[in-house]
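Engineer: from the sequence below, what's the structure:
(one chain, ligands or ions: 1)
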Amino acid sequence: MAESTPDMAESTHREALVTLFSTGGFVAPEEETDDLIAHAAGDDELLTALVERRLTGEPLAWITGQLRFCDMEIRVDPGVYVPRRQSQALAHRAVTCLPPRGAAIDLCTGTGAIAKVLSTAHPGARVVASDVDERAVACARSNGVEAFCGDLFTPLPRSLQGDVDVVIGVVPYVPTPALALLQRDALAFESPLSYHGGPDGTDILRRVLRGSRRFLRPGGVILLEVGGEQADILLDDMAQLGYDDLVVLFDDEDDVRGIEAVWRSAPSR
Ligand SMILES: C[S@@+](CC[C@H](N)C(=O)[O-])C[C@H]1O[C@@H](n2cnc3c(N)ncnc32)[C@H](O)[C@@H]1O
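Structural biologist: Residues are numbered from 1 along each chain as shown. This next block holds a predicted model:
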């Protein structure tokens, strides 16, 4: 019988973990296994502990402390919302809307991933962010983001009022009845504060639409992630608030993912 080499033992170990995650219903068992093995860096006891944490459903990014978003390494602290792949397209869109020396606000920034993408693409721009959760603000700052703690626009520098080119927000927008349908991991670990958008999911979106008018310059762009019926619910109100050139953004599967609009000016009465 051939003797087993360290390489063979490692690959058997890897196979076993892939099978464990796969039978546990994890959607990317190979990637998860490789991330955890890399994070454990050869320490078997640590690897066992990491795997046990993951099997409870704790987000992988909290365990490894990082995630790739728009091809950038983002630090993710435990307790802070894990940026979703689906939000990358909105971040890319914001990059194209922001002039090189312009100004942008990333509302409800979480880890600060979107703000970091913007400031990396436009080092000469002023990019600020806010979040109501202190852990998120600390995490965003550790990602190099100029982040402020508080409700939406309240903590942001007043000097930016009327001067901002882009307001972007992946804000909580899950309608109350849909909270129970969220993935098990999200429900068990992430805070409802990250998700809950009121009865139809538009409570915070509406506050953002109203508040952005003070900060956007005429011609500035608002980009918001939305789901389900929310674009339809909001479009009329947006026109009444003075937004123009309203566009509904779809993902590759033709699902509504966002809304984009240009701020012109307050409508005359
Ligand atoms: C869905 S997460 C999105 C985080 C980040 N934008 C991203 O895409 O990764 C929503 C974030 O909104 C924050 N939040 C909830 N209500 C808020 C409010 N009223 N003002 C500021 N931040 C808020 C939560 O703490 C959470 O970090």
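
Engineer: what's the nearest residue to the residue of the stretch 151-269 of the chain found nearest the ligand if we skip its chain neighbours?
Structural biologist: Closest residue of the stretch 151-269 of the chain to the ligand, CB to the nearest ligand atom: Val170 (3.5 Å). To be clear about C-beta, it is placed using only N, CA and C from the backbone, and glycine gets the same treatment. By the measure of CB to CB, 6 or more residues apart in numbering, the closest residue to Val170 outside its immediate chain neighbours is Glu225, 4.4 Å from it.

Engineer: what does Ala147 give?
Structural biologist: Ala140 (3.8 Å).

Engineer: so which bits of the helix or strand where the one you found lies are buried?
Structural biologist: Ala140 is part of helix 134-142, with elements assigned from DSSP states H and E. Of all the residues in helix 134-142, those buried under the rule 16 or more other CB atoms under 10 Å are 135-137, 139-140.

Engineer: stretch 173-191 now?
Structural biologist: Buried, per 16+ other CB under 10 Å, within stretch 173-191: 173-175, 178, 185-186, 190.

Engineer: my guess is Asp131 contacts Thr111. True?
Structural biologist: No - counting by CB atoms under 8 Å, Thr111 is not a contact partner of Asp131; they are 9.2 Å apart.

Engineer: grab the most central residue of this protein for me.
Structural biologist: Nearest residue to the geometric centre of the chain (CA atoms, centre = their mean): Pro83, 3.4 Å.

Engineer: now it: how far from the ligand?
Structural biologist: 3 Å (CB to the nearest ligand atom, to the nearest Å).

Engineer: you'd agree Trp62 is up against Val76?
Structural biologist: Yes - using CB under 8 Å, Trp62 makes contact with Val76 at a distance of 6.3 Å.

Engineer: of those two, who's got more company?
Structural biologist: Val76 (24 against 19; other CB atoms under 10 Å).

Engineer: what's the nearest residue to the more buried one if we skip its chain neighbours?
Structural biologist: That would be Ala61: by CB to CB, 6+ apart, it lies 4.1 Å from Val76.

Engineer: quickly list what Tyr243 is bridged to.
Structural biologist: Trp263 (DSSP bridges).

Engineer: for this structure, name the helix or strand with the lowest mean pLDDT.
Structural biologist: helix 184-189 (a mean of 75; mean pLDDT, DSSP states H and E).

Engineer: quickly check: that helix near the ligand or not.
Structural biologist: No - Helix 184-189 does not reach the ligand (CB under 6 Å from any ligand atom); its nearest approach is 9.9 Å.

Engineer: so who does the closest residue to Gly102 other than its chain neighbours touch?
Structural biologist: Once flanking residues are discounted, Gly102 sits nearest to Asp165: 3.8 Å by CB to CB, 6+ apart. Counting by CB atoms under 8 Å, 6 or more residues apart in numbering, Asp165 makes contact with 97-99, 102-104, 125, 216-217, 220-221.

Engineer: before we move on, the earlier item: so the residue nearest to the centre of the chain touches Leu67, yeah?
Structural biologist: Yes - if you go by CB under 8 Å, Pro83 and Leu67 touch, sitting 6.4 Å apart.

Engineer: hey, what's in contact with both of the two?
Structural biologist: 74, 76, 111, 113.

Engineer: surely the last one meets Arg85?
Structural biologist: No - counting by CB under 8 Å, Ala113 does not reach Arg85; the two are 11.0 Å apart.

Engineer: please enumerate the strands of this protein.
Structural biologist: 66-69, 72-75, 103-107, 126-131, 146-149, 164-169, 216-225, 243-250, 256-263 (DSSP state E).

Engineer: outside of the longest one itself, list whatever touches it.
Structural biologist: It stands for strand 216-225. 86-87, 90, 93-94, 97, 162-171, 173, 205, 208-209, 212, 243, 257-265.

Engineer: filter those residues to the buried ones?
Structural biologist: Of the contacts of strand 216-225, these count as buried by 16+ other CB under 10 Å: 86-87, 90, 93-94, 97, 164-171, 173, 205, 208-209, 212, 243, 257-263.

Engineer: quick one: buried residues of stretch 89-104?
Structural biologist: 89-91, 93-95, 97-98, 102-104.
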